[in-house]
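Novice: One predicted model, sequence on top.
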Amino acid sequence: MTGAAPLTGTLVRLKLALLRNGLRQSGGRLAAYLVSAALVLLLTALLLLGLILLHGNAHAATVGVLLALLLALGWAVFPLFFPSGDETLDPTKLVMLPLRTDPLVRGLLVSSLVGIGPLFTLCALGGAGYAAARGAAGAVAAVVAVPLALLTCVALARTVAAANIRLLTSRKGRDLAVLSGLVIAVGAQLVNFGVRKLGSAGGIDALDPTGQVLRWVPPASAIGAVDSAGGGAYGTAVAQLALCGAALAGLLLLWRRALDRLMTAPDGSTLQAAEPTRRTRRTGPRVLPGGRTGAVMERSLRYVWRDPKTKAAWVTSLAIGLIVPVFNALQGTGSVYFACFAAGMLGIQMYNQFGQDTSAFWMVAMTISSARDAYAELRARTLALLLITLPYSALVTVVTTALLGAWHALPEALGLSFALLGAMLATGAWTSARFPYSIPQEGYKNVAPGQAGLAWIAIFGGMVAAALLCAPVIALTIALHATGADSWAWTLLPVGAAYGAALTVLGLRLAAPRTADRLPEILAAVSKG
């Protein structure tokens, strides 16, 4: 359009307007943004200071190359787990506008450089370039390499977002967003494990061979070019810069094709909705029992598979329950008793059983007219949990024992795990009836406003009670080892399993009448989200 402002400037102003208007929505959002910005700026300053002090060190190039690759990985993963973190990541919102692809690519690329993330990346890459630079040739190469690496990171994020935007805006995409916390937790454990291994392997020297290979991988090749130019290898530096430039050009081409497809192709969900539906009949033998028990178990398992919040809670518990004992065993600081951590994490899933039903709990309440019906409901939900928790707890215990080579302690570790699992199921059933709370379906909060106290009481109070209920089995374990009766430690397996089963049944028996008596209160509590 004649006289219209350039598209790039318009998109930059749009990015600033979205940021400004988003912060005006609430004071809490503004405060959270300011706190996060302050923390990022502090981290940026510390990182930049460390890289400046690393200048002239023999391992500066290795650190810079690895840092560039980590930044690129972060930019690639960001759109997958935080699709709503940047409104401009979704190009389908511009479909109805008469925009050509090439100006749109340029405008979105420039607008992507606005924000705290690009500022942090620029400072980190600038520090890496300064640390690796030697002499005038290295400085000249750094001036070219840092912007090139930054543009490559941004183009990578945009390409990933454009190629997966249909997925990211669907229910599966929301599942990925909810699981972002798990990725952070697992990544932190991997970093911790890597630092420990690095320290025992002789420090940064052990990474130099890896750095020599990774300096040819874009965008780390741009930082590698700075080191090559400083060392007089000008041909190698040009080749590494050219490799990063080729990667940038390839990403821009892929991004452009993805935009063309998004702007012109019909929505896949619309096509599927237009197709005639086909009903599929279940074939094969039925695994779950019949009657109410099987129906409730199937419903609970479907929640685990389909509901984003429930799925995130389960996947997080499964992953952390395995990571903690296994990583401690690999680091040589573990114990077979750490395997009980898996039973504890999985047992938490029994807490707030009715919260996952939300307002639909009224349909469950209509089927409960007595304590017997409530007992059948709770028992079926417990059996559904046991289908996953029981074999998984045993698997984690066996894996931990195998890594430590302490096969003689396997029976007692299994016994303690089963006893703890039974105690968690028992207290979870009781707290589900006594302290129910709502789980919001939208956003990242797992507790409705005003119910945080209920959640704390239910979870942490139940965990303390479960630990106290396991005291007899723990005392028996200590007594056997203290009296030298280690040959009888195998009895802890049947004792722990029987004790856990008895606690589970007792907890269900105690929770059933309370559930039947508090159906209106439970419905009101779980419907607030």
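Specialist: Ah, there it is. All of these numbers come straight from a predicted model, not from anything done at the bench.

Novice: three-state assignment of residue 56?
Specialist: Three-state assignment for residue 56 (DSSP: H, G, I helix; E, B strand; the rest coil): coil.

Novice: Grab the nearest non-local neighbour of residue 481.
Specialist: In this structure, residue 481 finds its nearest non-sequential neighbour in residue 489, 7.5 Å apart by C-beta to C-beta, 6 or more residues apart in numbering. Heads up, the C-betas are built off the backbone N, CA and C, glycines and all.

Novice: now residue 254
Specialist: Counting by C-beta to C-beta, 6+ apart, the residue nearest residue 254 is residue 159, at 5.1 Å.

Novice: Equivalent analysis for residue 519, please.
Specialist: residue 365 (4.5 Å).

Novice: cool, and residue 350?
Specialist: Residue 350's closest residue in space is residue 428 (C-beta to C-beta, 6+ apart), at 2.8 Å.

Novice: From residue 500, how far off is the one you found?
Specialist: 13 Å (C-beta to C-beta, to the nearest Å).

Novice: Also residue 223?
Specialist: Counting by C-beta to C-beta, the gap from residue 223 to residue 500 is 55 Å.

Novice: following the host helix or strand of residue 107, which helix or strand shows up next?
Specialist: Using DSSP states H and E, residue 107 maps to helix 101-111. For helix 101-111, the following helix or strand on the C-terminal side (DSSP H and E) is helix 116-132.

Novice: residues of the helix or strand following that following helix that come out buried?
Specialist: Using DSSP H and E, the helix or strand that directly follows helix 116-132 along the chain is helix 135-168. Buried residues in helix 135-168, counted by 16 or more other C-beta atoms under 10 Å: 137-138, 141-142, 144-166, 168.

Novice: can you check stretch 402-417 too?
Specialist: Under 16+ other C-beta under 10 Å, the buried positions of stretch 402-417 are 403-404, 409-417.

Novice: what ranges of the stretch 401-529 of the chain fall below the confidence cut-off?
Specialist: In the predicted model of the stretch 401-529 of the chain, residues 441-450, 452-454, 529 satisfy pLDDT under 70.

Novice: in it, which spans are helices?
Specialist: Secondary structure of the stretch 401-529 of the chain (DSSP state H, counting those that start in this stretch): helices at 410-434, 452-469, 471-482, 492-517, 519-526.

Novice: Out of those, which one sits most buried?
Specialist: helix 410-434 (a mean of 27; mean count of other C-beta atoms under 10 Å).

Novice: what's that one packed up against?
Specialist: If contacts are counted by 3 or more C-beta pairs under 8 Å, 6 or more residues apart in numbering; DSSP states H and E, helix 410-434 sits against helix 340-347, helix 371-404, helix 452-469, helix 471-482, helix 492-517.

Novice: Check what contacts stretch 136-149 and list those residues.
Specialist: Outside of stretch 136-149, the residues within contact range by C-beta atoms under 8 Å, 6 or more residues apart in numbering are 68, 122, 125-126, 129-130, 132-133, 219-220, 222-223, 225-230, 232, 234, 237, 241, 244-245, 248.

Novice: meant to ask about stretch 487-507
Specialist: 382, 408-409, 411-412, 414-423, 425-430, 469, 472-473, 476-477, 480-481.

Novice: at 7 Å instead, please
Specialist: With contacts defined as C-beta atoms under 7 Å, 6 or more residues apart in numbering, stretch 487-507 is touched by 382, 411-412, 414-416, 418-419, 421-423, 425-427, 429-430, 469, 473, 476-477, 480.

Novice: if we can go back for a sec, contacts only, for the residue nearest to residue 350.
Specialist: 347, 350-351, 462.

Novice: re earlier: relative to residue 304, which of the helices and strands packed on helix 410-434 is closest?
Specialist: helix 371-404 (7.6 Å; C-beta to C-beta).

Novice: In that closest one, which residues are buried?
Specialist: 371, 373-386, 388-390, 392-394, 396-397, 399-401, 403-404.

Novice: Next, the angle from that helix to helix 519-526.
Specialist: 50 degrees (axes from the mean of the first three to the mean of the last three C-alpha atoms, to 10 degrees).

Novice: picking up where we left off before, please tabulate the helices of the stretch 401-529 of the chain in CSV, including the columns distance to residue 319.
Specialist: Below are the helices of the stretch 401-529 of the chain laid out as CSV (distance: least, C-beta to C-beta, whole Å):
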stretch, distance to residue 319
helix 410-434, 17
helix 452-469, 18
helix 471-482, 26
helix 492-517, 23
helix 519-526, 27
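
Novice: how about the ones you listed, which one is nearest residue 51?
Specialist: helix 452-469 (40.7 Å).

Novice: Run the chain-centre distance for the closest one.
Specialist: The chain centroid and the centroid of helix 452-469 are separated by 24 Å under C-alpha atoms, centre = their mean, to the nearest Å.

Novice: which residues of the stretch 151-300 of the chain fall in helices?
Specialist: So, for the stretch 151-300 of the chain - with DSSP H, counting those that start in this stretch - the helices run 171-178, 180-200, 208-214, 220-230, 234-264, 268-274, 291-306.

Novice: Between the ones you listed, which has the poorest mean confidence score?
Specialist: Set side by side, the helices of the stretch 151-300 of the chain give their lowest mean pLDDT on helix 268-274, at a mean of 48.

Novice: Tell me the buried residues within the contacts of stretch 136-149.
Specialist: Members of the contacts of stretch 136-149 classed as buried by 16+ other C-beta under 10 Å are 68, 122, 125-126, 129-130, 132-133, 219-220, 222-223, 225-230, 237, 241, 244-245, 248.

Novice: Model confidence at the nearest residue to residue 40 once chain neighbours are set aside, what's the number?
Specialist: Excluding the flanking residues, the one nearest residue 40 by C-beta to C-beta, 6+ apart is residue 116, at 5.2 Å. Looking at residue 116, its pLDDT reads 86.

Novice: For residue 116, the count of nearby residues, please.
Specialist: 15 (other C-beta atoms under 10 Å).

Novice: quick one: it and residue 38 touch, right?
Specialist: No - applying C-beta atoms under 7 Å as the test, residue 116 and residue 38 come out as separate, 10.2 Å apart.

Novice: Distance from stretch 7-18 to the middle of the chain?
Specialist: Centroid displacement of stretch 7-18 relative to its chain, using C-alpha atoms, centre = their mean, is 31 Å.

Novice: Now it: buried residues?
Specialist: 7-8, 11-12, 14-15.

Novice: from those, which is closest to residue 287?
Specialist: Nearest member of the buried residues of stretch 7-18 to residue 287, counting by C-beta to C-beta, is residue 15, at 51.8 Å.

Novice: Sweet, I'm off.
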